[in-house]
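Engineer: What shape does this take:
(2 chains)
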There are 2 protein chains.
Amino acid sequence: MNKPISTIFVASRRALSTLHPSALATVSKTSDALRDNPVVNPGIPVASGVGSARRTDNTDPKEVLNRIAKLHDTDLLPNNVNGWENSRAFLQQVVDILYDYIKEEHKRSTKVLDFHQPEDLKKMIDLKIPEKPMNLQELLESCEQVLKYSVRTGHPRFFNQISCGLDLVSMAGEWLTATANTNMFTYEVAPVFTLMEHEVIRRMIDLIGWGPNEGDAIFTPGGAIANMYAVNAARHYHFPGIKAQGMSDKLCIFTSEAGHYSIKSAAAVLGIGTDRCFHIPTDDIGRMDPEALERKIEECKREGLQPFFVCATAGTTVFGAIDPLQKIADICKRQKTWFHVDAAWGGGLLLSPEQKPKLAGIERANSVTWNPHKLMGALLQCSACFIRHDGLLMDTHQMAADYLFQKDKQYDVKYDTGDKAMQCGRHNDIFKLWLMWRSKGMEGYRRQVNDLMDMATYFTDRLKATEGYEVIIDKPEYLNVSFWYVPPSIRHLDDKEKYARLETIAPKIKAKMMERGTTMVGYQPDGEKPNFFRMIISNPGTTKADLDFLIDEIADIGKDL
Amino acid sequence: MNKPISTIFVASRRALSTLHPSALATVSKTSDALRDNPVVNPGIPVASGVGSARRTDNTDPKEVLNRIAKLHDTDLLPNNVNGWENSRAFLQQVVDILYDYIKEEHKRSTKVLDFHQPEDLKKMIDLKIPEKPMNLQELLESCEQVLKYSVRTGHPRFFNQISCGLDLVSMAGEWLTATANTNMFTYEVAPVFTLMEHEVIRRMIDLIGWGPNEGDAIFTPGGAIANMYAVNAARHYHFPGIKAQGMSDKLCIFTSEAGHYSIKSAAAVLGIGTDRCFHIPTDDIGRMDPEALERKIEECKREGLQPFFVCATAGTTVFGAIDPLQKIADICKRQKTWFHVDAAWGGGLLLSPEQKPKLAGIERANSVTWNPHKLMGALLQCSACFIRHDGLLMDTHQMAADYLFQKDKQYDVKYDTGDKAMQCGRHNDIFKLWLMWRSKGMEGYRRQVNDLMDMATYFTDRLKATEGYEVIIDKPEYLNVSFWYVPPSIRHLDDKEKYARLETIAPKIKAKMMERGTTMVGYQPDGEKPNFFRMIISNPGTTKADLDFLIDEIADIGKDL
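Structural biologist: Next up, the predicted model:
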């Protein structure tokens, strides 16, 4: 029983890590637990005698650790009714691993990732489901190993996705959400969270600009599903017979060439057909051409199609472009179609009175998609679909499943959300947003959004001033900054030849960047434009020095290509 | 600076709680953090002089607590680059609140819920989004308040939902998932998690019984969406033109009267129409009548409809019935329709060699829905849709969004899952399952499932032996036990009159039960059967004594009705 810690490590398959002795500080709470539950705990040795508040302080931490390491989930709650102290010690070990990860993630000296090819990584990490239970030490090692090879999306130099950064208050919220482990479909099992969702929805509807008696919303698993909700609600509004009788008319919908592919995907899933999702051309900075939209709608009508849904985008994926919302709203009014704004990415601009005018016209929308997991920085996932017409979500999705959503409850069932949803069970995505929003208040978000916009301007200016870089859009409207790095070897070429060569430059730089692991930024082509980098500045932890670093790093990797 | 802790509490709007001094034990790690980042930390006071390993031990905990309480999210990482110690202290406070919650949740003396009517609860808890940022103390109070009024779904006497219990290893997994905060759509940003998903999917496909080269799957936000995936994939398999050209033919689908409403919902969303989702009658224990199914399919064909999809259910929501899978598979083969098994609830039986024969025939399915957040006890949400035909998920959902899922990456993009999904971003639901499964191994799950089945038998026998109780199904196939409590006042009535009176008994008992807060169990009507209780035994923490308690409690509440 007194063998040193290292003994257990040798016995375990991979000794990647050491356990965290600080976890054992929690043992000072043991006495409470024992008073509540006096049966001797099989995991933690208990000093004999009656407990004072600190009586376990003299327990040898190594000994405790040794015992926890060899325990199994059967020694934890709820499998072992006396398993609380084991459970706490185990959870604290996990939390300490997470603390180390978070602390490391925010150091510039930490790599953003430790890249390996899939076939190599498979050999480096044991992913098998075993026949026998693994002990707690093995589980802790699993946690460490998984984190070691994960991409640090919260690192201040991770720019690869629109969702960057790790808001610790939101993260704490998600920890609590996990522990509360409930389902959003009824007030009965989620009383606080359903009311909370209602409150936050009203706040967001205010920001969109609908009236106090207008609007309803549902939090959805991602923006693509939110967009599908919008198309489905619009279809039900215009063609209520389809819900029961199915599709027969030839409906059609519209978004821009730069709009998110989830609109096309919704057309496929809903039985509209991708051929009847029309992509309207954009101008040179990625905004939908409203005249082209109206021409296309009228052309469709002449051909016997039934246009019913237009998606304008506020913050396109690649360029961050914002479609001309007012003009599109006018067209939708004239043409009697639904006006949807996909503000999954751009919605956060509503939090800044300075930036909000860019989204003028959103208040005229019939529906809005807004993902707080993007600009607002909530943990993944946090998305919502807002529908202006109160009651429409219910009409669209209600299946009268009285065996699940009884009407004869003792409370007002209008607080139950199950019948509004395409899903049955629905994850609690509200608490992590609500807690984070309270931590910042309206003021904090205003500052955060404005600061990020300033950073994007700084980055754009720096690119323009740096040899070898070419920005694609001179003055980006939003936080996407798209650019080429042109290596010295091809700078002298004429545009056509240079563009042809550029197609392979960004992928090569990206590959090398991932091998170095120092930073991550995405690339893609767009129409005629060969592969270019798309920088996203949405992590409040990113500094100007991090932006300078990216500029230097890309040049350093790419200068000899 | 030396004012007592109570001072801050008075200043805060609601002093519900005390902070947890044990959190401060974490400060013993401070010296590491300071070595890494020597700038003076604005939140935590630092003793002057160079750090020994324990130099902060003498810092007055009250003093530290006092300072943390008044800090804001701007004092945490990543907003404050020196905010690590503040961050850890805050997170540890949250974790300690969660520890208290978990510990309390598992005590029988703790209430399952503290029920209040929605309008009352709104007044008792502040849900507003404020103008000014709230400080950390206020956020911690918010956490405590939210938990205080939440329903304890992990309580051993919570029987209200199919998903009950709180597996602490799965919960630890979800905490890590939150911290890793990444997106499942590419290997690039989720290298370990995409490989892990692949590994777990293969293990589950083995259990379903498909061949080593058959099958693909995707983890989805809940079983309803998993079912929608199945219907959509089946439609694409049988009518590949619909993806591009939309619906025009009259398709139809089938499930039983006891099948989950998500099949009907999928018919509505996909443009098939709820009128063309046919509900086949069931026998007296809730299983689909296969002859009636075949008659209906043939009738539909005669009427010019195109039957293409049959959903058999393995574990219905109310009775836990398992449809005759082999017979339905035979019919699907004869009639050339897709054979789907909705094993959202029953899939977990595959983990027990003793129980698995009940699902014989599932290996013949074209697709299977299986929710590990149900019988397997993973945290919400964890669901998957399995498709036997490799490549079909990709064919069905791919939208060729090259701007997001580039093909010219430096790794084999077959590991990217984005194009298989109806969603774009996809939550990581795999880690919490994987870690939990490793903790139990195949052996542990086998025992867990068998133990739960024994408990259901015990409960059924106890009901039968107790005066006033009537079970609806004499020998339930699964873990759902449905029953009436018949108060003495109506026991003498004839069946017709008794049934009429029973309709209001369960709701009344449930309402009172929620007010008492001692336990929770659901009720619903079913066809001719008036409201009855549906007991679900899926929390491994539930004991026979808890089942006895429920029987006594219902009788105690209902005896005078």
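Engineer: Surely A:Asn79 is in contact with B:Asn539?
Structural biologist: No. Distance between A:Asn79 and B:Asn539: 10.4 Å, which falls outside the contact criterion (CB atoms under 8 Å). Where C-beta positions appear, they are placed from N, C-alpha and C, glycine not excepted.
Engineer: Looking at those two, which is more packed in?
Structural biologist: Neighbour comparison, A:Asn79 and B:Asn539: the larger count goes to B:Asn539, with 24 against 19 (by other CB atoms under 10 Å in any protein chain shown).
Engineer: Do I have it right that that one meets A:Leu77?
Structural biologist: No. Contact criterion CB under 8 Å: B:Asn539 and A:Leu77 do not qualify, at 11.2 Å.
Engineer: how many other residues sit next to the residue in the stretch 51-200 of chain A positioned nearest to chain B?
Structural biologist: Closest contact between the stretch 51-200 of chain A and chain B, by CB to the nearest CB, is at A:Pro78 (2.5 Å). Residue crowding around A:Pro78 was assessed by other CB under 10 Å; the count is 23.
Engineer: so who does it touch?
Structural biologist: Listed by CB atoms under 8 Å, 6 or more residues apart in numbering or on different chains, the contact partners of A:Pro78 are B:106, B:154, B:156, B:165-166, B:168, B:539-541.
Engineer: go on, A:Gly347?
Structural biologist: With contact taken as CB under 8 Å, 6+ apart, A:Gly347 is in contact with A:314-315, A:359, A:368-372, A:374-375.
Engineer: how about those in JSON lines, adding secondary structure and neighbour count?
Structural biologist: Putting the contacts of A:Gly347 into JSON lines (DSSP: H, G, I helix; E, B strand; the rest coil; neighbours: other CB atoms under 10 Å in any protein chain shown) gives the following:
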{"residue": "A:Ala314", "secondary structure": "strand", "neighbour count": "29"}
{"residue": "A:Gly315", "secondary structure": "coil", "neighbour count": "29"}
{"residue": "A:Leu359", "secondary structure": "helix", "neighbour count": "24"}
{"residue": "A:Val368", "secondary structure": "strand", "neighbour count": "32"}
{"residue": "A:Thr369", "secondary structure": "strand", "neighbour count": "33"}
{"residue": "A:Trp370", "secondary structure": "strand", "neighbour count": "29"}
{"residue": "A:Asn371", "secondary structure": "coil", "neighbour count": "28"}
{"residue": "A:Pro372", "secondary structure": "coil", "neighbour count": "27"}
{"residue": "A:Lys374", "secondary structure": "coil", "neighbour count": "27"}
{"residue": "A:Leu375", "secondary structure": "coil", "neighbour count": "30"}
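Engineer: List the residues that contact A:Lys498.
Structural biologist: For A:Lys498, the contact set (CB under 8 Å, 6+ apart) comprises A:486, A:490-491.
Engineer: again, only using 6 Å
Structural biologist: By CB atoms under 6 Å, 6 or more residues apart in numbering or on different chains, the contact set of A:Lys498 is A:Ile490.
Engineer: next one: A:Lys103
Structural biologist: B:Trp84.
Engineer: Next one, pLDDT for it please.
Structural biologist: According to the prediction, A:Lys103 has pLDDT 97.
Engineer: For the stretch 151-300 of chain A, which segments are assigned as strands?
Structural biologist: Shown for the stretch 151-300 of chain A, the strands assigned by DSSP state E, counting those that start in this stretch span residues A:158-159, A:216-220, A:251-256, A:277-280.
Engineer: which of those sits most buried?
Structural biologist: Highest mean neighbour count among those (mean count of other CB atoms under 10 Å in any protein chain shown): strand A:251-256, with a mean of 28.
Engineer: can you tell if stretch A:521-540 touches chain B?
Structural biologist: Yes. Among the residues of stretch A:521-540, A:524, A:540 lie within reach of chain B under CB under 6 Å from any CB of the partner chain.
Engineer: I'd like the domain boundaries of chain A, if you could list them.
Structural biologist: Per automatic domain parsing, the structural domains of chain A span A:5-110, A:213-425, A:437-558.
Engineer: From the opening residue of the longest one to its closing one, how far?
Structural biologist: Right, the one you point to is domain A:213-425. With CA to CA, to the nearest Å applied, domain A:213-425 spans 27 Å between its terminal residues.
Engineer: How about stretch A:217-224?
Structural biologist: Distances were taken as CA to CA; on that basis the terminal residues of stretch A:217-224 are 15 Å apart.
Engineer: Please apply the same query to stretch A:519-534.
Structural biologist: Taking CA to CA, the span from the opening residue of stretch A:519-534 to its closing residue is 13 Å.
Engineer: Could you give the average pLDDT over it?
Structural biologist: Mean pLDDT, taken over the full extent of stretch A:519-534, equals 95.
Engineer: now what about that stretch, what contacts it?
Structural biologist: With contact meaning CB under 6 Å, 6+ apart, stretch A:519-534 is reached by A:112, A:157-160, A:318, A:480, A:482-484, A:499, A:502-503, A:506, A:510, A:535, A:550, A:553, B:403.
Engineer: Out of these, which sit inside helices?
Structural biologist: Among the contacts of stretch A:519-534, the members falling in helices are A:499, A:502-503, A:506, A:510, A:550, A:553 (criterion: DSSP state H).
Engineer: Quick check on the residues you listed: which are buried?
Structural biologist: In terms of neighbour count (16 or more other CB atoms under 10 Å in any protein chain shown), the buried residues within these are A:499, A:502, A:506, A:510, A:550, A:553.
Engineer: Please tabulate the domains of chain A in a markdown table and include distance to B:Ile472 as additional columns.
Structural biologist: As requested, those are exported to a markdown table (distance: least, CB to CB, whole Å):
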| stretch | distance to B:Ile472 |
| --- | --- |
| domain A:5-110 | 28 |
| domain A:213-425 | 13 |
| domain A:437-558 | 46 |
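Engineer: which one of these is the most hemmed in?
Structural biologist: Sort these by mean neighbour count, taking mean count of other CB under 10 Å, and domain A:213-425 sits at the top with a mean of 22.
Engineer: Any buried residues in stretch A:148-156, and which?
Structural biologist: Neighbour counts over stretch A:148-156 (16+ other CB under 10 Å) mark A:149-156 as buried.
Engineer: In a markdown table, list these along with pLDDT.
Structural biologist: Listed next are those as a markdown table, based on pLDDT from 0 to 100:
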| residue | pLDDT |
| --- | --- |
| A:Tyr149 | 98 |
| A:Ser150 | 97 |
| A:Val151 | 97 |
| A:Arg152 | 98 |
| A:Thr153 | 97 |
| A:Gly154 | 97 |
| A:His155 | 97 |
| A:Pro156 | 97 |
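Engineer: can you map out the helices along the stretch 451-561 of chain A?
Structural biologist: In chain order, the stretch 451-561 of chain A shows helices spanning A:488-491, A:495-516, A:544-558, with DSSP state H, counting those that start in this stretch as the criterion.
Engineer: Mind putting these into TSV with mean pLDDT?
Structural biologist: Formatted as TSV, these follow (pLDDT from 0 to 100):
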stretch	mean pLDDT
helix A:488-491	96
helix A:495-516	95
helix A:544-558	98
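Engineer: Make TSV out of those and add distance to B:Ile285.
Structural biologist: TSV is the format used below for these (distance: least, CB to CB, whole Å):
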stretch	distance to B:Ile285
helix A:488-491	74
helix A:495-516	56
helix A:544-558	63
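Engineer: Thanks again, I'm all set now.
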